[in-house]
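>>> When you get a sec, could you give me coordinates for this:
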Amino acid sequence: MQRAQRNSLRLLQWMMAASLALPIALFAIAATISYTSTKDIADREIARTLDVAHEHALKVFETIDRSLAELNEVVRSLSDDTIRAREPALHRRLKRLTDSLPQLKSAWIFGADGKALVNSLASPPPALSFTDRDYFYAHIDQSIGTFIGMPLTPRPPYQGARFFGMSRRRDSDDGNFIGVLQASVLPEYFESFYARIGSDPGSFFAMGRADGTVLAHFPRLDHDLRLDPGGPVGQQIAAQPERGLMTVAWPSDGIERRIGYRRIAEYPIYVSAGLETSAIRARWFATMGQHLVFGIPATALLFLLLAFAFRRTQHLQAEAAARREAEDALKHSQRLEALGQLTGGVAHDFNNLLTVIRASVDLLNRPHLTEERRQRYIMAIADAVARAAKLTSQLLAFARRQTLKPEVFDVGQRMQSLHDMLATLLGPAIEIVTRLPAEPCLVNADAGQFETALINMATNARDAMQGKGRIIFEVEAATAIPDTPAPVSGNHGFVRVTVSDTGIGIPAARLGRIFEPFFTTKQVGHGTGLGLSQVFGFARQSGGEVTVTSEVGQGSTFSLYLPRVPPDLRSQRLAPNTAPAVAGSGMSVLVVEDNIELANFAADGLTEIGYSITLVDNATDALAELIVDANRFDVVFSDVVMPGMTGLDLAQAVRDRGIGVPVVLTTGYSQALSQDGAAGFDLVQKPYSIEELSRVLHRAARLRRVRDGAAE
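Numbering: from 1, shown residues only. Coordinates of the predicted model:
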């Protein structure tokens, strides 16, 4: 309210100050605006008139050019003697042509000696030579296409208006010059047309050749005119050869004009249209006279209204800025609330897992424990660790920071192989319908994450139906992803995996939040809401997308899009290696780990099964060990995330220095690996077991020995 009051007072002050200066200021402003507007209107009129003149000239020249081309086809294979023998018929044909085209004065067929074989004026034509005419000698030495000549006066005994020639070369079958076809074009035809369309005072038109020769002019001239290429007009055309607009004193009469010009396509001809600047100023003076009589009060009122509107706009903008600040604060508060919800849900799940682990450890420490109970507690710990790893994987998948292990697989086959597991997961009260394509639908993605995403979508559908209904799983090829805010590229299209249910549906107000990691319809403490967020993160990190359509009471349809790969990239999947730990048999391993507890765990476990372990706590010392004597070690096992030089840096340094020791990396999460991958190095995800680690180390060291043996 205070701001509105201040604005009202300021507005009154401006109005009071303007009560004296306003008439003069408004007149000056109106004069400037009016003059600019008058010039702009004149320029638009010139442009429109120029378009009309250009189209007219283009059609005229194209019509004549086409007529000459047709005439050339008629006489192409005829000798001069044959043409003379058919002269009466050809004369009538040329006369019909000129009678049908008012722009033509006459049409001619010349022989190689410059004498007319046929024309539309006289039959038979007089034996006159026209070799000195530009429309003839321009074609003798070379084929130049259509030639447009200079204005000429008829040669006796021919009479009448001046003309300019438009001609084409006649060639024999072997390409030799045998004559010319020529049409005499009337400049007055163009000038009459310009007089009809240029009815405004000060109108101007001209048509001329690229060398400056003027062919037609309005107002009409009583003498020939050729523009100097070095003059103002020539310089302007040289700077902008296709089209332009200029103010110039026209050389023929010295009158200053505003002139627009344009080149006729495919022809070395320019047309121009313009207005005298004195006529433009006369329009402006007339407009200003009206302003003096009627415009000042209206302009003053308009100015006041605009000033008021300006102030009101500023006020509204200030209010909008305040609303934006409030909305930003609200969004920030919502983000904090969502983060708290996410933290609470994750903490709940992790506390449950830690409780299982802690209770199992306590029970393992009790005396007189039977072997059966000991194994049960150990399995409980292992299961809790696996579920904790899965929860961490889902968090990283949503954040798109998990290191995926892509492989090429057929989505249809993978869906079919999961059918029994899905049936068990969903329960007997849910009908499962599977629709698979006949052709392979290959993708390059993490198969484990794909299965997890499918299970999460199926579980979500089951919960939406309260455990009873029908779920349709469908796999098909798609060319694009519909209704996405940002385009997603797929060189070979996409594979769409659709999960449709007959559940209660999702309200429109919730559709925008269902993929948020903290959003869940479950009661507080009963879940983190990471199921659909894992699907979202997996899709985005794999280069695809996930969409949802739903209607309350009609069910929901989730569509997972993954980039499709061509069939020639199908790979042979190796059967998973579920064998027990591989004995080390004295294999030497350089373990690089900055966490002493984890390092001791790995060293003790590997030592127990026969590996020789050298332990260092940073990558710099590890690289120094390798430089001194690389042959001491069969394989390097390094953590990725370490202070200073990372494990990935160490692996790259080993590769760059040509040290022939394979490197196996391990990490729970690495920003570098999530963005760029493991750069071709073997990777063991944390948490890992000694059995899994021994298999990877043994495989890497065995490949080194094979290569070393081949090298020897």
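>>> State the pLDDT value of residue 613.
pLDDT recorded at residue 613 is 90.
>>> What residues does it make contact with?
When contacts are counted by Cβ atoms under 8 Å, 6 or more residues apart in numbering, residue 613 touches 589, 591, 602, 603, 606, 607. Every C-beta, even on glycine, is put in place using the N, C-alpha and C of the backbone.
>>> Kindly report the same for residue 188.
161, 162, 216.
>>> Likewise for residue 257?
Residue 257 sits next to 202, 204, 247, 248, 249, 250, 274, 275, 276, 277 when contact means Cβ under 8 Å, 6+ apart.
>>> does it sit in a helix, a strand or a coil?
Secondary structure, DSSP: H, G, I helix; E, B strand; the rest coil: residue 257 is strand.
>>> Narrow the contacts of residue 613 to those in helices?
The members of the contacts of residue 613 that map onto helices under DSSP state H are 602, 603, 606, 607.
>>> Which members of these are classed as buried?
The neighbour-count criterion (16 or more other Cβ atoms under 10 Å) marks 602, 603, 606 among those as buried.
>>> Could you save these as CSV and add columns showing pLDDT and distance to residue 368?
Putting those into CSV (pLDDT from 0 to 100; distance: Cβ to Cβ, whole Å) gives the following:
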residue, pLDDT, distance to residue 368
602, 82, 32
603, 86, 32
606, 87, 32
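>>> which one of those residues is nearest residue 668?
Proximity of those to residue 668 (Cβ to Cβ) peaks at residue 602, which lies at 13.9 Å.
>>> wait, what's in contact with residue 427?
Counted by Cβ under 8 Å, 6+ apart, residue 427 has contacts 462, 467.
>>> if I look at it, how far off is residue 128?
Distance, residue 427 to residue 128, by Cβ to Cβ, to the nearest Å: 108 Å.
>>> can you check residue 414 too?
As for residue 414, its distance to residue 128 is 92 Å (criterion: Cβ to Cβ).
>>> Compare these two (neighbour count), which wins?
Per other Cβ atoms under 10 Å, whichever of residue 414 and residue 128 has more neighbours is residue 414, with 17 against 12.
>>> Give me the helices and strands touching the helix or strand where that one lies, please.
Secondary-structure assignment from DSSP states H and E places residue 414 in helix 411-417. Secondary-structure packing of helix 411-417 (3 or more Cβ pairs under 8 Å, 6 or more residues apart in numbering; DSSP states H and E): helix 447-464, strand 469-478, strand 494-501.
>>> just these: most buried one?
Most buried of these by mean neighbour count (mean count of other Cβ atoms under 10 Å) is strand 494-501; its value is a mean of 23.
>>> got the contact list for that strand?
411, 415, 441-443, 454, 457-458, 461-462, 464-465, 469-481, 544, 555-564.
>>> before we move on, back to that, please identify, among the contacts of residue 188, the one with the most neighbours.
In terms of neighbours by other Cβ under 10 Å, those top out with residue 216 at 25 neighbours.
>>> Mean confidence (pLDDT) on the helix or strand where that one lies, please.
Following DSSP H and E, the helix or strand that holds residue 216 is strand 214-218. Across strand 214-218, the average pLDDT comes to 94.
>>> Check the offset of that strand from the chain's centre.
In terms of Cα atoms, centre = their mean, to the nearest Å, the centre of strand 214-218 is found 49 Å from the chain centre.
>>> The residue lying closest to residue 642 once chain neighbours are set aside in helix, strand or coil?
The shortest distance from residue 642 to any residue other than its chain neighbours is 4.7 Å, reached at residue 594 (Cβ to Cβ, 6 or more residues apart in numbering). Following three-state DSSP, we place residue 594 in the coil state.
>>> can you confirm residue 409 is in a helix?
No. Assigned with three-state DSSP, residue 409 falls outside any helix and is strand.
>>> Could you report the pLDDT at it?
89.
>>> Contact partners for the residue nearest to it when sequence neighbours are not counted?
Excluding the flanking residues, the one nearest residue 409 by Cβ to Cβ, 6+ apart is residue 447, at 5.4 Å. For residue 447, the contact set (Cβ under 8 Å, 6+ apart) comprises 407, 409, 414.
>>> Flag the shaky bits of the stretch 351-500 of the chain, pLDDT-wise.
351-353, 356, 359, 363, 389-404, 483-490 (pLDDT under 70).
>>> Now tabulate the contacts of residue 257 in TSV and tack on distance to residue 23.
Converted to TSV, the contacts of residue 257 look like this (distance: Cβ to Cβ, whole Å):
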residue	distance to residue 23
202	32
204	38
247	32
248	37
249	37
250	40
274	36
275	32
276	32
277	29
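>>> so which of these is the most crowded?
Those, ranked by neighbours (other Cβ under 10 Å): first place residue 274, 29 neighbours.
>>> mind checking the SS state of that one?
Assigned with three-state DSSP, residue 274 falls in the strand class.
>>> and stretch 224-231, average pLDDT?
Stretch 224-231 shows a mean pLDDT of 90.
>>> Check the offset of it from the chain's centre.
49 Å.
>>> end-to-end on it?
17 Å (Cα to Cα, to the nearest Å).
>>> ok, then the element right after the worst-scoring helix or strand of the chain on mean pLDDT?
For the chain, counting by mean pLDDT, DSSP states H and E, helix 671-676 ranks last in confidence among helices and strands (a mean of 54). Sequence order places strand 682-685 as the next helix or strand after helix 671-676, per DSSP H and E.
>>> Give me the contacts around that next one.
Outside strand 682-685, the residues that touch it by Cβ under 8 Å, 6+ apart are 389, 403, 405, 662-668, 673, 692-693, 696, 699-700.
>>> ok, 6 Å please
For strand 682-685, contacts defined as Cβ atoms under 6 Å, 6 or more residues apart in numbering pick out 664, 665, 666, 693, 696, 700.
>>> CSV please, covering the buried ones among the ones in helices among the contacts of residue 613 and showing distance to residue 231.
What follows is these, written out as CSV (distance: Cβ to Cβ, whole Å):
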residue, distance to residue 231
602, 90
603, 93
606, 93
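>>> ok, back up a step: now tabulate the helices and strands packed on helix 411-417 in a markdown table and tack on distance to residue 688.
Formatted as a markdown table, the helices and strands packed on helix 411-417 follow (distance: least, Cβ to Cβ, whole Å):
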| stretch | distance to residue 688 |
| --- | --- |
| helix 447-464 | 15 |
| strand 469-478 | 33 |
| strand 494-501 | 30 |
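>>> quick one: which of the ones you listed is nearest residue 629?
Each of those was scored for nearness to residue 629 using Cβ to Cβ, and the closest is helix 447-464 (39.3 Å).
>>> Would you mind giving the secondary structure of residue 36?
Secondary structure for residue 36, judged by three-state DSSP, is helix.
>>> pLDDT score assigned to it?
Residue 36 is given a pLDDT of 90.
>>> Which positions in stretch 609-617 come out as buried?
Going by neighbour count (16+ other Cβ under 10 Å), the buried part of stretch 609-617 is 609, 611, 612, 613, 616, 617.
>>> nearest to residue 60, of the contacts of residue 257?
residue 204 (19.6 Å).
>>> Mind giving me the packing neighbours of the strand holding residue 216?
Packing partners of strand 214-218 (3 or more Cβ pairs under 6 Å, 6 or more residues apart in numbering; DSSP states H and E): helix 187-197, strand 203-209.
>>> Just the buried positions in it, please.
Under 16+ other Cβ under 10 Å, the buried positions of strand 214-218 are 214, 215, 216, 217, 218.
>>> any idea how far residue 641 is from the fourth one?
Here residue 217 is placed at a distance of 84 Å from residue 641 (Cβ to Cβ).
>>> and what of the last one?
Note on residue 218: its distance to residue 641, by Cβ to Cβ, is 84 Å.
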